[in-house]
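**Student:** model this:
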Amino acid sequence: MFENDFVPFYRAYGDPAAFEGEILQEKESDLLRSWYPDTAGRIRDMVEEELNVFDYEGSRIYDEYPDRRMLKLMSDSIGKKIDEELSAQSVSSGFPGELAEILFYHGIYRRRCRRKRCRGY
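**Tutor:** Residues are numbered from 1 along each chain as shown. This next block holds a predicted model:
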């Protein structure tokens, strides 16, 4: 009776090969992002650091319908930090903040996709 219901422990977990595509995609994304120009690369790193702060269970960036105004306020605060940091390095102001906003939204998109695939929403 129970022999038919028996599942070996190694088959009880999901197939690890299912995540190989995501690992390959992340490697490719990292390679392409490593080719960013110097200023864009520094901005990308700063945006990623700030996104790591918001990357937790129940974070607003994972809401089913994220609030555009809230995300805009978050990206504006990141843009101000970046503008302050890059102004000391004589990089033109305005553009870094806009680039930070773009990278912020893209980072949220990547994290939401990864979470949906990994958590099975």
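**Student:** switch to C-alpha atoms for all contacts and neighbour counts from now on
**Tutor:** Fine.
**Student:** so residue 44 is in contact with residue 100, correct?
**Tutor:** Yes. Using C-alpha atoms under 8 Å, residue 44 is in contact with residue 100, at 7.1 Å.
**Student:** who's more crowded, the two?
**Tutor:** Neighbour totals were compared for residue 44 and residue 100, and residue 100 leads with 25 against 22 (other C-alpha atoms under 10 Å).
**Student:** can you give me the helices in the chain?
**Tutor:** Remark: helices assigned in the chain by DSSP state H are 20-34, 38-54, 68-87, 95-119.
**Student:** make CSV from those and add mean pLDDT and distance to residue 61 to it.
**Tutor:** Converted to CSV, the helices of the chain look like this (pLDDT from 0 to 100; distance: least, C-alpha to C-alpha, whole Å):
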stretch, mean pLDDT, distance to residue 61
helix 20-34, 77, 20
helix 38-54, 86, 7
helix 68-87, 87, 8
helix 95-119, 79, 7
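**Student:** can I get those in a markdown table with distance to residue 62?
**Tutor:** Formatted as a markdown table, the helices of the chain follow (distance: least, C-alpha to C-alpha, whole Å):
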| stretch | distance to residue 62 |
| --- | --- |
| helix 20-34 | 19 |
| helix 38-54 | 9 |
| helix 68-87 | 11 |
| helix 95-119 | 6 |
